[in-house]
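Visitor: How does the following fold in three dimensions:
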Amino acid sequence: MSLFSLSSRLVISRLLTKNRTNYCQIATALRPKKGKSTRKEAQYFSDAKKVRTVGGKGGDGCVSFLQLWCNERAGPDGGDGGNGGHIIFQASNDVRNFNHVGSVIRAPEGGIGTAMDCHGKNAKHTVVKVPIGTVVRNAKGVIVADLGSANLMFVAARGGAGGKGNRFFTTDRETSPRVCEYGPPGEDLSYTLELRSMAEVGLIGFPNAGKSTLLNALTRAKPKVAPYAFTTLRPHLGTVQYDDHVQLTIADLPGLVPEAHRNKGLGIQFLKHAERCTLLLFVLDASAPEPWNQYQQLMYELEQFGGSLASRPQLVVANKMDMSESTSNYEQLQLLLNQPNMLGISAKMGHNLAQLLSTIREVYDRHKAKEQADM
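Guide: Below is the predicted model:
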């Protein structure tokens with residue numbers, strides 16, 4: 001028999017549900033307690049990689065004749081060569097990017113056959129771990145593999161089969177063949193590895209808008225920060241931890257310049273980086289003259305690139321609010337852009353960053369709930 005009546009259990013259930021809902025709504029970002037690394041080398045994030053895969057050569061067959069003390073012509077005994085190794089891409093949770101993948105990957109060769117019918121050793125396959133969500137394109141740009149779940153494999157290049165020894169060619173008419181096969185070379189193919197999703201949040205803005213400073217202030221990442229344009233040439237990633245055990249990855253993307261859709265500046269490469277982010281965070285320089293033109297130019301480049309990039313969830317922040325001319329520009333930005341979630345921040349001084357992290361989580365959760373409802 002239950003210790004609580006039916007009405008009491010209903011009240012308790014409602015209170016628990018209410019507390020759980022409020023807990024999810026007030027999830028706050030946890031500031032990192034651990035200090036940043038003292039390494040001087042910058043750790044870049046590679047979300048695309050061109051690789052050449054070469055399968056292992058098959059082992060050569062052997063021409064040999066068995067000679068015994070009682071029979072000097074005991075017949076052919078040349079063994080077959082071993083098979084060359086394959087190149088295999090395997091989706092794994094152990095890696096996050098393609099920094100560990102070399103430009104040229106070669107598999108080992110098979111062993112050669114020897115006398116007394118000894119076959120050569122088969123070479124081991126070379127398994128290269130890639131992040132989950134890797135898309136593999138061939139030299140013509142056609143998608144040949146989509147490694148969307150853990151432990152999925154794709155054979156990129158097959159090794160050559162082992163060559164036959166002269167024992168294989170023995171027939172009733174040809175009892176002493178003096179021929180064997182050479183092991184054929186393995187496949188030599190080129191691929192482009194791409195990540196379907198790089199980060200949950202991508203920082204988009206003009207050069208020297210303060211994107212690297214913002215990533216440095218929000219996470220433990222260490223992007224290069226300098227008072228000149230094009231400091232960032234490759235993406236940097238940082239992680240934000242919330243108190244409900246949810247992690248969001250933020251990517252600092254290289255700066256965008258006008259006519260990037262025509263491949264000016266970093267051009268198409270930059271736009272492909274942005275295409276792999278779920279939420280686009282526009283970082284505008286509020287101290288620049290007419291900063292609203294920056295947002296219009298950024299949106300124009302995203303629309304010209306095509307696809308669904310311009311329709312992704314967006315959040316606009318006005319950076320460098322610690323400058324004297326930023327206040328008037330920020331008021332004008334609010335009137336012209338009509339962005340309900342626009343925030344004024346100072347990444348250098350740390351102003352309003354907690355509110356920014358809460359807004360990012362709110363917009364991200366709203367987008368995920370909409371995706372689940374559409375499924």
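
Visitor: hey, which helix is longest across the protein?
Guide: With secondary structure taken from DSSP state H, the chain has its longest helix at helix 353-374.

Visitor: And the strands in the stretch 101-250 of the chain?
Guide: Under the criterion DSSP state E, counting those that start in this stretch, strands of the stretch 101-250 of the chain are mapped to 104-106, 126-131, 134-137, 143-147, 153-157, 188-195, 199-204, 236-242, 247-252.

Visitor: Now do the contacts for the residue lying closest to Phe89 once chain neighbours are set aside.
Guide: By the measure of CB to CB, 6 or more residues apart in numbering, the closest residue to Phe89 outside its immediate chain neighbours is Phe154, 4.7 Å from it. In this view, the C-beta of every residue, glycine as well, is placed from N, C-alpha and C. Shown in contact with Phe154 (CB atoms under 8 Å, 6 or more residues apart in numbering): Ile88, Phe89, Val136, Val144, Ala145, Leu147.

Visitor: what's the farthest-apart pair in these?
Guide: Ile88 and Val144 (13.6 Å; CB to CB).

Visitor: Which one's more surrounded, those two?
Guide: When Ile88 is set against Val144 and neighbours are counted by other CB atoms under 10 Å, the residue ahead is Ile88, at 18 against 13.

Visitor: returning to what we had before: of all the strands of the stretch 101-250 of the chain, which lies closest to Trp292?
Guide: Closest of those to Trp292 is strand 199-204, at 15.3 Å (criterion: CB to CB).

Visitor: Residues in contact with the closest one: which ones?
Guide: By CB under 8 Å, 6+ apart, the list of residues contacting strand 199-204 reads 211, 214-215, 237, 248-253, 256, 273-274, 276-283, 298, 360, 364.

Visitor: now it: how far from the chain's centre is it?
Guide: Shown here is strand 199-204, whose average C-alpha point lies 13 Å from the average C-alpha point of the whole chain (CA atoms, centre = their mean, to the nearest Å).

Visitor: so for that strand, what's the average pLDDT?
Guide: The average pLDDT within strand 199-204 is 86.

Visitor: could you give the angle of that strand to strand 236-242?
Guide: Taking axes from the mean of the first three to the mean of the last three CA atoms, to 10 degrees, one finds strand 199-204 and strand 236-242 inclined to each other by 120 degrees.

Visitor: Strand partners (parallel or antiparallel) of strand 199-204?
Guide: strand 247-252 (parallel), strand 277-285 (parallel) (DSSP bridges).

Visitor: between the ones you listed, which one is nearest to Ile105?
Guide: Taking CB to CB as the criterion, Ile105 comes closest to strand 247-252 out of the strands paired with strand 199-204, the separation being 26.4 Å.

Visitor: Check which residues of that closest one are buried.
Guide: By neighbour count, with 16 or more other CB atoms under 10 Å as the criterion, the buried positions of strand 247-252 are Leu248, Thr249, Ile250, Ala251, Asp252.

Visitor: what's the burial count for Ser346?
Guide: Other residues lying near Ser346 total 21 when counted by other CB under 10 Å.

Visitor: End to end on stretch 318-335, go ahead and measure it.
Guide: Start-to-end span of stretch 318-335 (CA to CA, to the nearest Å) is 13 Å.

Visitor: averaged over its residues, what pLDDT does that stretch have?
Guide: Model confidence over stretch 318-335, given as mean pLDDT, is 85.

Visitor: Check the offset of that stretch from the chain's centre.
Guide: For stretch 318-335 - counting by CA atoms, centre = their mean - the centre lies 35 Å from the chain centre.

Visitor: what comes into contact with it?
Guide: Taking contacts as CB under 8 Å, 6+ apart, the residues outside stretch 318-335 that touch it are 205, 209-210, 213-214, 283-292, 342-349, 351-352.

Visitor: Buried only: go through the residues you listed for me.
Guide: The neighbour count (16+ other CB under 10 Å) marks 205, 209-210, 213-214, 283-288, 291-292, 342-348, 351-352 as buried among these.

Visitor: Which of those residues fall within helices?
Guide: Filtering the buried ones among the contacts of stretch 318-335 for membership in helices, criterion DSSP H, returns Thr213, Leu214, Trp292.

Visitor: I'd say the last one and Asn338 touch.
Guide: Just to be clear, that refers to Trp292. No - look at Trp292 against Asn338 with CB atoms under 8 Å: they stay out of range, at 10.7 Å.

Visitor: Is the residue lying farthest from the centre of the chain within a helix or a strand, and which one?
Guide: When distances are taken from the C-alpha mean of the chain, Cys70 lies farthest, 66.5 Å away, according to CA atoms, centre = their mean. Secondary structure here is read from DSSP states H and E; on that basis Cys70 sits in neither a helix nor a strand.

Visitor: how close does it sit to Asn216?
Guide: To Asn216, Cys70 is 83 Å away according to CB to CB, to the nearest Å.

Visitor: Repeat that for Thr126.
Guide: Between Thr126 and Asn216 the distance is 38 Å, computed by CB to CB.

Visitor: likewise Ser311?
Guide: Distance of Ser311 to Asn216, computed by CB to CB: 30 Å.

Visitor: of those two, who's got more company?
Guide: Each of Ser311 and Asn216 had its neighbours counted (other CB under 10 Å), and the higher figure belongs to Asn216 (21 against 9).

Visitor: how long is stretch 170-190 end to end?
Guide: The stretch stretch 170-190 measures 40 Å between its terminal residues, going by CA to CA.

Visitor: Give me the mean pLDDT for that stretch.
Guide: 91.

Visitor: Now do the buried residues in it.
Guide: In terms of neighbour count (16+ other CB under 10 Å), stretch 170-190 has its buried residues at Thr170, Pro177, Cys180, Glu181, Gly183, Pro184, Gly186, Glu187, Leu189.
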